[in-house]
Every structure is written in structure tokens, then in C-alpha cells.
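# Make a model of this:
(chains A, B, C and D)
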Protein chains: 2
Amino acid sequence: MARRTDARESLLAAGVELFLEGGYDFTGTNTILERASAPRGSFYHHFGDKLGFALATAEHYYERHLPLLDRILADEACTPLQRLRRYFEVMRHSYEQEGWSKGCLLGMLSQELADREPEAREALAALFGRWRHRLAAGLREAQAHGELGKDEDCDELASALLEGWEGALMAMKVAKSGAPLDRFMQVTLDRLLTRG
Amino acid sequence: MARRTDARESLLAAGVELFLEGGYDFTGTNTILERASAPRGSFYHHFGDKLGFALATAEHYYERHLPLLDRILADEACTPLQRLRRYFEVMRHSYEQEGWSKGCLLGMLSQELADREPEAREALAALFGRWRHRLAAGLREAQAHGELGKDEDCDELASALLEGWEGALMAMKVAKSGAPLDRFMQVTLDRLLTRG
DNA sequence: GACATCTTGGACCAAACAGTCTAATATCTG
DNA sequence: CAGATATTAGACTGTTTGGTCCAAGATGTC
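Predicted coordinates for the structure are as follows:
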């Protein structure tokens, strides 16, 4: 038999949802199979094992997020710095719709797997690297636009923003409130982006 | 039979270690029992179930950390702001000794449990609240000492610091490097604590 | 239409899981 | 020292786990 619809895609979609809701270890392969209406064979054929599958979902998750990120950071209607702020605002809005639950899949998998699965650590580091790279590019545009000091280290700033954002997302889940995200934007983002 | 040494304490110690290494779901009760050299009966007698045990380890972890926090924040040899910086430096040092692995137990449990276990969410929120409260008190001392603007909202600042720190810890595990912690101190901490 | 390759279906497995139960034994309290 | 209570010991259970296996079926290629 083969390709009923596309088992690979529906498995990935189910994986993103389930890992986001419950985490890696909590989510059993049976549950993933059920949610995706896919047979066991497909799972192991396409992904090898559960860890390989999880890394594929992380990739999938990031790739699916990219268009949004790029669209906002390329929006010529705003200044570079306004685009960056807008990016986090848009994200905030999507988390609000989830009732301040389900943070970032990369954060979830990092917390669970980084220490015990070297392969996962590297894959996640690479994804964070790509994300950081985009933000850093946005910051450099802000520099060119005179919105940010020429002497700022954009890579360091981008990393600090990303790390602050991930921390805020974790706090959001715990507080079940948008306050940490608001605070990230009004306190952290603001002070990191306005020339000291 | 009873209290051979103190099973409760050694279970908690084992739990902190193991949850920190592998996370909540990954760590089986058998492993905990083995590491603590305690029998099954003790575990369920003292903690009821695995979740109750995990929340007890979180509490234990925080309580064990408190003396360090209080000692540094009360050190009259430094100014209030210097004490805060020193606190994070000392923490950085202890993470370095672990090879930049094993982040914060509260962060780990939050990421895994906050969304699916309301009881855990509340318990973790309370622990973070106590931690934040200490930092905010330190910031208020800095205000009184003239090191921090009178118009700063110390509770907001303390929350932002904590969230930034947690994000940096996660990034540390993924990068297996101290860079995120250094960056937290040189970029985030610095800009949040120097009057804009 | 035939051959090779990719994909599926799902039965099956040993190991591990969280949790229960009860008898035995310490320790505390009078 | 007697009786109540707290704690331990560990065998046991039903369920679920990640993973294997292979025959059957679909698709692409000549």
C-alpha cells in the first residue's frame, strides 16, 4: 500500500500539536498514530524512531513559522525597529488565542532533550541559530536606518531578545497570563532596543 | 518497620537530581527508588503519587537554594546592586561546574507540567513568586541606596530579570555553553538595572 | 504489463510504567 | 511494656511503552 493521503505530513502536524500540549516523553507513539490516523508502519518508515520524529516536528514547526517572521520583518510600511516590535506583538496575539498555554515547541523540546540527547541538542541549536540570524538581520537594518546605535552588537542583542522571549513564554504558561509577554515587550525589548 | 535513615529526604534528593537530568516523564519511579535506595512503600506513603512527589522536590529545591540567595542579597560588604549582580555570577559559576547542563528544576517542571497539571502550575507559580519577591526587595534596596531610579517598578523589573534568566538557562543547555549566561549579565541585566 | 521501490497495515513483543496492597516492623505515647 | 501509629518491604498487577517484523498493496519506470 502507499500514500493514502500524506501520512508523513499528518504525522508531523499531530506531533507538533501533541508535543506542544504534553511534551516529548508524555506523548506516546500510539497517541500520535491515533491523532494522525496513520498506521505504525508509516511512522517508523518515515522517521526511524521517536527521537527522529521529534526532531522532524521541530524542523516542521520552525519552517511553518518562517513565512510569518519573514513577512513581518520585510514589511516596508514600518521602520525596521517597528517591524521587530510588531513581530512580537503578533506572536503575543496568537498565544492569547491559545489561552496563554502551549509555549514554544523548540523551548519544550530543548528543556526535555538538550541534556540527554546530543543529536537533539545540535538540531535545536541549529534551529535557534537560524531564528536568531533573522532577528539579527532585522537589527542591522535598524542600525542602517539610524534607529539603533552603530556600536551595538546585533548578534548579541538578537540572542538576548530570543532568550528573553523564551523565558517569557515559559512564565506565561506558569502564570496562565499574558503579563510576562507584555513585560517582555515593555521592559526588556524596550531597554534592549533603545540606545542606552 | 520505620525510618531506616530518612527515606523521605533521600528520595527528595534523588528526585531533584533525576528530574534535573532527565525531566519528569522520563524519570521512572523505579529509578528514583533505586537512586535513593528506598522501597516503593516509602515513596507512596510520603508523597501520595508521582506528581505530589515532583512538587515536593520543587519545594525542596527552592528551599535548599534560599540560604544562598539570602546570604548574597544580605551581604553588607557590597551595594544592593552589586549584590544582585553577584548573585547571578555565583549561579553562573555553579552551572559552569555542571558543564553547562542541568538548568533550573523549576523551569524544567514548568515546561513539562504547567499546561497539563493545574496543581503543578499553581505550585510552581507560587515558588517563582517567592523568588521574584526576594529579587524585588533587593531592587528596592538599590532604589533606597540611589542606585536605581525611584520611578522604576521593582516588581516588574524583578520579573523581567527572572524570566530573562530562565530563558538564558534554557539556551545554556542547548548551546552547552556559558555564553547565554554571560550575555544575560552583560546585556540584559546591565540594561535593566542601569537607569535608561 | 512487469519489475523494483516505496509505503502501509497491524499483529506482536519484551520491558517499563505508575500505582496497590498487606504483612511486618519501628517508633512514639501512655 | 502495651497499644496506637508511622513507616517499610517488596511482590504484584493491568496498562502502556517504543520498537520490530513482514506480507500486502500502491506507485513509478521501463
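
# between the host helix or strand of A:L161 and helix B:154-175, what angle do the directions make?
A:L161 belongs to helix A:154-175 when assigned by DSSP states H and E. Per axes from the mean of the first three to the mean of the last three CA atoms, to 10 degrees, the angle that helix A:154-175 makes with helix B:154-175 is 110 degrees.

# buried stuff in helix A:154-175?
Counting neighbours by 16 or more other CB atoms under 10 Å in any protein chain shown, one finds that the buried residues in helix A:154-175 are A:154, A:156-175. No exception for glycine: its C-beta is placed from N, CA and C like everyone else's.

# Nearest spatial neighbour of whichever residue of chain A sits closest to chain B, chain-adjacent residues omitted?
The nearest approach of chain A to chain B comes at A:G167, 2.8 Å away (CB to the nearest CB). Distance criterion CB to CB, 6 or more residues apart in numbering or on different chains; nearest residue to A:G167, sequence neighbours excluded, is B:G167 at 2.8 Å.

# Pull the contacting residues for the one you found.
By CB atoms under 8 Å, 6 or more residues apart in numbering or on different chains, the contact list for B:G167 reads A:162-168, A:170, B:180.

# how near is it to A:D182?
Applying CB to CB, to the nearest Å, the value for B:G167 to A:D182 is 16 Å.

# Going by residue numbers, what spans are helices in chain A?
In chain A, the helices defined using DSSP state H lie at A:7-22, A:29-36, A:40-47, A:50-73, A:80-97, A:105-113, A:118-144, A:154-175, A:179-183, A:190-193.

# Quick check, pLDDT for the residue in chain A that DNA strand C sits nearest to.
Among the residues of chain A, A:G41 lies nearest to DNA strand C; the distance is 2.4 Å by CB to the nearest atom of the strand. If you check A:G41, the pLDDT there is 97.

# Next, count neighbours for it.
By other CB atoms under 10 Å in any protein chain shown, the residues close to A:G41 number 11.

# My understanding was that A:H46 contacts A:E9; is that so?
No. The pair A:H46 and A:E9 does not pass the contact test of CB atoms under 8 Å, sitting 9.8 Å apart.

# Have a look at the two and say which one is more surrounded.
Neighbour count, other CB under 10 Å: between A:H46 and A:E9, A:H46 has more, with 16 against 13.

# For A:T5, give me the pLDDT.
pLDDT for A:T5: 66.

# if I look at the nearest residue to A:C104 once chain neighbours are set aside, how far off is A:R92?
Nearest non-adjacent residue to A:C104, counting by CB to CB, 6+ apart: A:L169, 5.2 Å away. Noted for A:L169: a distance of 10 Å to A:R92, by CB to CB.

# give me the number of residues near the residue of chain A at minimum distance from DNA strand D?
Scanning chain A for the residue nearest DNA strand D gives A:G28, at 2.7 Å (criterion: CB to the nearest atom of the strand). Neighbourhood size, A:G28 [other CB under 10 Å]: 12.

# Could you report the distance from the nearest residue to A:L84 once chain neighbours are set aside to A:W165?
The spatial neighbour of A:L84 that comes closest, neighbours along the chain excluded (CB to CB, 6+ apart), is A:G138 at 5.2 Å. Separation of A:G138 from A:W165 (CB to CB): 14 Å.
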